[in-house]
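# sequence-free structure coming up:
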(Lines give C-alpha, C1' and ligand atoms only; values in the text may rest on other atoms or scores of the structure.)
Protein backbone atom coordinates (compact mmCIF):
# COMPACT_ATOMS: atom_id res chain seq x y z
CA UNK A 1 0.00 0.00 0.00
CA UNK A 2 1.43 3.34 -1.06
CA UNK A 3 0.66 6.30 1.18
CA UNK A 4 0.73 9.85 -0.13
CA UNK A 5 1.06 12.98 2.02
CA UNK A 6 -0.29 16.38 1.01
CA UNK A 7 -0.47 19.71 2.78
CA UNK A 8 -3.94 21.23 3.08
CA UNK A 9 -4.43 24.86 4.11
CA UNK A 10 -6.93 25.53 6.88
CA UNK A 11 -7.93 29.19 6.77
CA UNK A 12 -10.78 31.13 8.29
CA UNK A 13 -12.24 34.15 6.54
CA UNK A 14 -11.06 37.64 7.44
CA UNK A 15 -7.64 36.23 8.36
CA UNK A 16 -8.95 34.62 11.53
CA UNK A 17 -6.99 31.79 13.07
CA UNK A 18 -8.55 29.32 15.43
CA UNK A 19 -6.23 26.61 16.66
CA UNK A 20 -9.12 24.78 18.29
CA UNK A 21 -11.03 24.57 14.99
CA UNK A 22 -7.89 23.49 13.12
CA UNK A 23 -7.49 20.71 15.71
CA UNK A 24 -11.14 19.73 15.26
CA UNK A 25 -10.67 19.51 11.50
CA UNK A 26 -7.57 17.32 11.99
CA UNK A 27 -9.39 14.95 14.35
CA UNK A 28 -12.42 14.63 12.08
CA UNK A 29 -10.31 14.24 8.94
CA UNK A 30 -8.28 11.47 10.61
CA UNK A 31 -11.52 9.44 10.76
CA UNK A 32 -12.14 9.77 7.00
CA UNK A 33 -11.91 6.64 4.82
CA UNK A 34 -8.36 6.12 3.57
CA UNK A 35 -6.73 8.74 5.79
CA UNK A 36 -3.73 7.26 7.59
CA UNK A 37 -2.69 10.32 9.59
CA UNK A 38 -3.05 14.06 10.04
CA UNK A 39 -0.61 16.46 11.68
CA UNK A 40 -0.22 20.21 11.91
CA UNK A 41 2.71 21.62 9.95
CA UNK A 42 2.02 25.27 10.70
CA UNK A 43 -0.61 27.52 12.22
CA UNK A 44 -2.98 27.02 9.30
CA UNK A 45 -1.73 23.94 7.43
CA UNK A 46 -2.33 20.23 7.94
CA UNK A 47 -0.28 17.40 6.46
CA UNK A 48 -2.64 14.57 5.53
CA UNK A 49 -1.34 11.08 4.74
CA UNK A 50 -3.76 8.89 2.82
CA UNK A 51 -4.06 5.67 0.83
CA UNK A 52 -4.79 6.72 -2.77
CA UNK A 53 -6.49 3.37 -3.40
CA UNK A 54 -9.18 4.30 -0.88
CA UNK A 55 -9.42 8.07 -1.29
CA UNK A 56 -7.83 10.39 -3.86
CA UNK A 57 -6.61 13.97 -3.39
CA UNK A 58 -9.96 15.42 -4.45
CA UNK A 59 -11.71 13.22 -1.89
CA UNK A 60 -9.36 14.42 0.88
CA UNK A 61 -9.82 18.08 -0.08
CA UNK A 62 -13.61 17.70 -0.30
CA UNK A 63 -13.69 16.05 3.12
CA UNK A 64 -11.61 18.87 4.64
CA UNK A 65 -13.92 21.51 3.16
CA UNK A 66 -17.07 19.69 4.30
CA UNK A 67 -15.70 19.26 7.82
CA UNK A 68 -14.62 22.91 7.88
CA UNK A 69 -18.02 24.18 6.75
CA UNK A 70 -19.75 22.09 9.41
CA UNK A 71 -17.40 23.38 12.11
CA UNK A 72 -17.83 26.93 10.85
CA UNK A 73 -21.56 26.66 11.35
CA UNK A 74 -21.19 25.09 14.78
CA UNK A 75 -18.54 27.47 16.10
CA UNK A 76 -19.28 30.71 14.24
CA UNK A 77 -16.41 30.69 11.73
CA UNK A 78 -16.49 30.76 7.96
CA UNK A 79 -13.86 28.23 6.87
CA UNK A 80 -12.52 28.51 3.33
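Cool, got the structure. Remember, predicted model here, so these are calculated numbers, not experimental data.

# In which helix or strand does residue 61 reside?
helix 57-75 (DSSP states H and E).

# Just the mean pLDDT for that helix, thanks.
Per-residue pLDDT values across helix 57-75 average out to 84.

# Tell me how far that helix lies from the chain's centre.
Here helix 57-75 shows a centroid-to-chain-centroid distance of 7 Å under the convention CA atoms, centre = their mean, to the nearest Å.

# Could you list the buried residues of it?
Burial within helix 57-75, assessed by neighbour count using 16 or more other CB atoms under 10 Å, is assigned to 59, 60, 63, 64, 67, 68, 71, 72. Just so you know, the C-beta spots here come from the backbone N, C-alpha and C atoms, and that holds for glycine as well.

# just those now: which is nearest residue 40?
residue 64 (13.2 Å; CB to CB).

# Pretty sure the closest one sits against residue 9.
No. Assessed by CB atoms under 8 Å, residue 64 is found out of contact with residue 9, at 9.1 Å.
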